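Chemist: I would like the atomic coordinates for the input below:
(2 chains)
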Amino acid sequence: EAQVTQNPRYLITVTGKKLTVTCSQNMNHEYMSWYRQDPGLGLRQIYYSMNVEVTDKGDVPEGYKVSRKEKRNFPLILESPSPNQTSLYFCASSLRVTGVGDQPQHFGDGTRLSIL
Amino acid sequence: KNQVEQSPQSLIILEGKNCTLQCNYTVSPFSNLRWYKQDTGRGPVSLTIMTFSENTKSNGRYTATLDADTKQSSLHITASQLSDSASYICVVTVTGGGNKLTFGTGTQLKVEL
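Modeler: Numbers count the residues shown, from 1 in each chain, chains lettered A, B, ... in the order given. The predicted model follows:
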């Protein structure tokens, strides 16, 4: 089954404790992206990747890191999490790099992070 | 500034009734507009895409319209079902600059018996 898998689905942690949210897709998609979703603000892009070893900042990259060493994986790293990073996070992938909006993004089911 | 605004913010309708959700955008230059449905606890799923030259497109009981001149799109749901209860998100693609996506904040639809 074609899917985007995120782990963990839920995480409660404390300020400053490094964490990684994994994202894996099995559709051989070039484009992958991370979003955070907050009430009243909708989905905001954190980072995206056009292909292996190619990443770029989205609208809200501060406090986050990503890497794209393999095509299927795109982990999101919070080196020193803070309470304002408490949010619902989504990973997404799509087929083509050019005309990224032309292809639907396939989203994972989300990771709910609570930073205390 | 490129923006996508959706209305209403939330909506409650009775099962079997029709409804229309609105999306206004100021994105330029425009490439396409896509509607997503997001069920509670799940990621968004694409419903339909509208390009500049298209006025209307249907996907089952969902019909999207686009007026590129007034920069407005609507999503019409016919004969609503309980399973239509979800958030509906409008996403507009900006041409060039990496094809940036601009997201609306969504309309929360609840269908009741």
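
Chemist: continuing past the lowest-mean-pLDDT helix or strand in chain B, what's the next helix or strand?
Modeler: When the helices and strands of chain B are compared on mean pLDDT, DSSP states H and E, strand B:101-103 comes out lowest with a mean of 87. Using DSSP states H and E, the helix or strand that follows strand B:101-103 in sequence is strand B:107-112.

Chemist: Within its sheet, name the partner strands of that next one and how each one runs.
Modeler: Take DSSP bridges as the rule and strand B:107-112 pairs in its sheet with strand B:10-14 (parallel), strand B:86-94 (antiparallel).

Chemist: residues of that strand that come out buried?
Modeler: B:107-109, B:111 (16 or more other C-beta atoms under 10 Å in any protein chain shown). The way it works is simple: take the backbone N, C-alpha and C, and place the C-beta from them, glycine included.

Chemist: Backbone dihedrals for B:Ser83, both of them.
Modeler: In terms of degrees, to the nearest 10, the main-chain angles of B:Ser83 are phi -70, psi -10.

Chemist: For the buried residues of strand B:107-112, work out which two are farthest apart.
Modeler: Spatial extent of the buried residues of strand B:107-112 (C-beta to C-beta) is set by the pair B:Thr107 and B:Val111 at 12.7 Å.

Chemist: Quick check: A:Asp56 vs B:Pro44, distance?
Modeler: Plainly put, A:Asp56 is 21 Å away from B:Pro44 if you go by C-beta to C-beta, to the nearest Å.

Chemist: Among the two, which residue is more densely surrounded?
Modeler: B:Pro44 (28 against 13; other C-beta atoms under 10 Å in any protein chain shown).

Chemist: Name the nearest residue to the more buried one, ignoring sequence neighbours.
Modeler: Distances taken as C-beta to C-beta, 6 or more residues apart in numbering or on different chains put B:Tyr36 closest to B:Pro44, at 3.7 Å, once the chain neighbours are dropped.

Chemist: just to revisit the earlier point, strand partners of the least confident helix or strand of chain B, parallel vs antiparallel please.
Modeler: Partners of strand B:101-103 in its sheet, by DSSP bridges: strand B:86-94 (antiparallel).

Chemist: can you pull the pLDDT of residue 28?
Modeler: Since no chain was named, I'll use chain A. In this model, A:Asn28 is scored at 93, pLDDT.

Chemist: that's the wrong chain, I meant chain B
Modeler: 78.

Chemist: Close to chain A: what parts of chain B are there?
Modeler: B:31-32, B:34, B:41-46, B:49, B:89, B:91-93, B:98-99, B:101, B:103-106 (C-beta under 8 Å from any C-beta of the partner chain).

Chemist: Columns mean neighbour count and mean pLDDT on top of the strands paired with strand B:107-112, output as CSV?
Modeler: CSV is the format used below for the strands paired with strand B:107-112 (neighbours: other C-beta atoms under 10 Å in any protein chain shown; pLDDT from 0 to 100):
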stretch, mean neighbour count, mean pLDDT
strand B:10-14, 13, 97
strand B:86-94, 23, 92
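
Chemist: Longest strand in chain A, please.
Modeler: For chain A, the longest strand by residue count, based on DSSP state E, is strand A:42-51.

Chemist: What helices and strands are in contact with that one?
Modeler: Applying 3 or more C-beta pairs under 8 Å, 6 or more residues apart in numbering or on different chains; DSSP states H and E, one finds that strand A:42-51 contacts strand A:31-38, strand A:54-57, strand A:65-66, strand B:101-103.
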